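Asks: Build me a model from this:
(chains A and B)
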Amino acid sequence: MSAVAVDDVWKFYGDFPALRSISLEAEPGACLALIGRNGAGKTTLLRTIAGFSRPGRGRIRIFGKEPREPETRRMMGFIGHGISVYDELSAFENLKLFAQLYNLPDPRRSALEWLERTGLERVRDGLVREFSRGMRQRLAVARAFLHDPSVLLLDEPFTALDDRAIAVLQRLLHEGLRAGKTIVLSTHQLREALELASHVALLNRGQVAFHGPCTPEMVSDPGYVYARYGEGG
Amino acid sequence: MKFFRQVFVIAVKDLRAEFRTKEAINASFAFAVVILLLFSFAFDPDAETTREMAGGLLWIVFAFAGTLILNRSFARELPNDCLDALISAPISGAALFLGKALANFLLVLAVQLVSLPVFAVFNSLHLTEQFWPLLGVILLGGWAITVIGTIFSALTVNIRLREVMLPLLTFPILIPALLSAMLLTKALVLGQPVGVDNLSWLKMLIGFDIMYTAASLILVETVLVG
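Replies: Numbers count the residues shown, from 1 in each chain, chains lettered A, B, ... in the order given. Predicted structure coming up:
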């Protein structure tokens, strides 16, 4: 069974089709990199897979289940453009809140463990609004990984991260892949993404222009995919 | 049990965030007290006229002051895209709605409970005679304002002019509840107990609360995800 299966998905904003008959699959343990120019539909596709909005047509399955089922949501971790943590709460309060919402057995212990793993244990009681950008990003990573998700959906995860946050995220992603987690990530930073990716999907104007395994040519020359399968597909 | 724990977690989160920033509650308190203060200086009605007007004035203040709180309910989730994190968490839309509604209700209730003695003092009214029935009407009317405000706060969260849209959408729907609460409050301030004369208004208020709470719990998932 595929970890993520997207079958003939269309998504409309008004009359405009942002996604046009997208079909993709990611097997358990695979890392699928979604690449494409701005406006190609990467974020829309990831958000639809995450269940933030329903597709206009077609269907999406996460390990055979609807994305909006509570069981499926428990399996997914999402990092979007925002950090998705509350400025008015402390780092510890934020992580404890999400640990409680994910019904983890010991929310306090889980929160403390992830503060330590992301190097934030010394500022655990500091309000997020007082954090530096890098600290906020590491907290966002902790929030997404807190409940040990089997499927990670990452929307441009390396954008605007500082060096330490990139190192933390890459370490966690490599650990996750070794543990058999499935990763779907959209990115413009091809080098970082293709080092992780087992598969690549190039989106162009809401359609899949290419979908296949990540080859050595792609890793050595990140522009290869665009040059080979480019805008025209 | 898990459902109510999630409701509690969301409510505590919202109250904690509000008490740290005091964005909505300060504005709401200030608005309510200023309106009641201005009213008491602008007019000089006799005691009987004041009692006649009490229901209307109080509920106009509660409705507008409540809107200031309710506007922030889902808008609070917009910075940092926190709403995404809540929607992707394995909690039902109903638990999310009820948690937020509970936090909003406590804030609206706090404004009501501060406004009521302020109004009584400024206008030399004695509200102790029918205090408990009056408190019951305040709770029922406060919940009506909260439940409608919370669901429409979710509906308008991504609209640019949501501060304007929320009262435009909620007040017409709230008319039956506000009318009931106003007439019941007027009767209680005049010292008349809830009885045959005004029982139908009480029934309407209770029915409104039940109907819109049930509808909101059913519809909130669609409102949030589509």
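
Asks: What are the phi and psi values at the residue nearest to the spatial centre of chain A?
Replies: The residue lying closest to the centre of chain A (C-alpha atoms, centre = their mean) is A:Leu154, at 1.5 Å. Backbone geometry at A:Leu154, expressed as degrees, to the nearest 10, gives phi -120, psi 120.

Asks: Pairing partners for it in the sheet, please.
Replies: A:Ile79, A:Leu185 (DSSP bridges).

Asks: Can I get the biggest helix by length in chain A in PDB? Just the C-alpha atoms.
Replies: Determined from DSSP state H, the single longest helix within chain A is helix A:163-178. Taking Å, rounded to 0.1, in the frame of the first residue of the first chain, the C-alpha atoms of helix A:163-178 are listed here in PDB:
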ATOM      1  CA  ASP A 163      22.400  27.100   9.500                       C
ATOM      2  CA  ARG A 164      21.600  25.500  12.900                       C
ATOM      3  CA  ALA A 165      18.000  25.000  12.000                       C
ATOM      4  CA  ILE A 166      18.900  23.500   8.600                       C
ATOM      5  CA  ALA A 167      21.300  21.100  10.400                       C
ATOM      6  CA  VAL A 168      18.600  20.100  12.900                       C
ATOM      7  CA  LEU A 169      16.100  19.600  10.200                       C
ATOM      8  CA  GLN A 170      18.400  17.600   7.900                       C
ATOM      9  CA  ARG A 171      19.500  15.400  10.800                       C
ATOM     10  CA  LEU A 172      15.800  14.700  11.700                       C
ATOM     11  CA  LEU A 173      14.900  14.000   8.000                       C
ATOM     12  CA  HIS A 174      17.800  11.600   7.600                       C
ATOM     13  CA  GLU A 175      16.800   9.800  10.800                       C
ATOM     14  CA  GLY A 176      13.200   9.700   9.700                       C
ATOM     15  CA  LEU A 177      14.100   8.200   6.300                       C
ATOM     16  CA  ARG A 178      16.300   5.600   8.100                       C
END
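
Asks: Quick check: mean pLDDT of that helix?
Replies: For helix A:163-178, mean pLDDT rounds to 88.

Asks: Please state the offset of it from the chain centre?
Replies: Centroid separation between helix A:163-178 and its chain, computed with C-alpha atoms, centre = their mean, to the nearest Å, is 13 Å.

Asks: can you count the residues close to residue 204?
Replies: With no chain named, the answer covers chain A. 20 (other C-beta atoms under 10 Å in any protein chain shown). C-beta: built from backbone N, CA, C; applies to glycine.

Asks: not what I meant, chain B
Replies: B:Met204: 17 surrounding residues under other C-beta under 10 Å.

Asks: Same check on A:Ser2?
Replies: Neighbours of A:Ser2 under the rule other C-beta under 10 Å: 17.

Asks: And A:Val141, by the same measure?
Replies: Neighbour tally, A:Val141, other C-beta under 10 Å: 23.

Asks: how close does it get to B:Ile138?
Replies: 46 Å (C-beta to C-beta, to the nearest Å).

Asks: just B:Phe64 next, same as before
Replies: 16 Å.

Asks: rewinding a little: and the residue nearest to the centre of chain A, what is it in contact with?
Replies: A:46, A:78-79, A:144, A:183-186 (C-beta atoms under 8 Å, 6 or more residues apart in numbering or on different chains).

Asks: So for B:Phe64 and B:Ile138, which sits in the more crowded spot?
Replies: B:Ile138 (23 against 16).

Asks: near chain A, which residues of chain B?
Replies: Residues of chain B lying near chain A by C-beta under 8 Å from any C-beta of the partner chain: B:2, B:5-6, B:9-10, B:13, B:16-17, B:20-21, B:79-82, B:84-92, B:221, B:225-226.

Asks: Of these, select the buried ones using a PyMOL command.
Replies: The PyMOL command for the buried members of the residues of chain B next to chain A (criterion: 16 or more other C-beta atoms under 10 Å in any protein chain shown) is given here:
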select buried, chain B and resi 6+9+10+13+16+17+80+81+82+84+85+86+87+88+89+90+91+92+221
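
Asks: which residues make contact with stretch A:115-123 from outside it?
Replies: Taking C-beta under 8 Å, 6+ apart as the rule, stretch A:115-123 contacts A:91-92, A:95, A:112, A:124, A:131, A:135, A:138-139, A:141-142, A:164, A:168, A:172.

Asks: Looking at these, spot the one nearest A:Ser150.
Replies: Using C-beta to C-beta, A:Leu172 comes nearest to A:Ser150 of the contacts of stretch A:115-123, at 14.1 Å.

Asks: At which residues are the helices of the chain located?
Replies: No chain specified, so I'll use chain A. Per DSSP H, chain A carries helices over the ranges A:42-50, A:70-75, A:91-101, A:107-117, A:133-145, A:163-178, A:190-196, A:216-220, A:224-229.

Asks: Chain B was what I was after
Replies: Remark: helices assigned in chain B by DSSP H are B:2-21, B:23-42, B:47-75, B:82-88, B:93-122, B:131-155, B:162-189, B:199-225.

Asks: what pLDDT does the residue in chain A that chain B sits nearest to get?
Replies: Relative to chain B, the nearest point of chain A is A:Gly82 (2.8 Å; C-beta to the nearest C-beta). On the pLDDT scale, A:Gly82 is placed at 90.

Asks: quick one, what contacts the spatially closest residue to it that is not a sequence neighbour?
Replies: Distance criterion C-beta to C-beta, 6 or more residues apart in numbering or on different chains; nearest residue to A:Gly82, sequence neighbours excluded, is B:Asp81 at 2.8 Å. By C-beta under 8 Å, 6+ apart, B:Asp81 lies in contact with A:80-84.

Asks: And these, which of them are buried?
Replies: Buried members of the contacts of B:Asp81, counted by 16+ other C-beta under 10 Å: A:80, A:82-84.

Asks: separation between the closest residue to chain A within chain B and A:Glu217?
Replies: When scored by C-beta to the nearest C-beta, chain B has B:Asp81 as its residue closest to chain A, at 2.8 Å. In this view, B:Asp81 and A:Glu217 are 36 Å apart by C-beta to C-beta.
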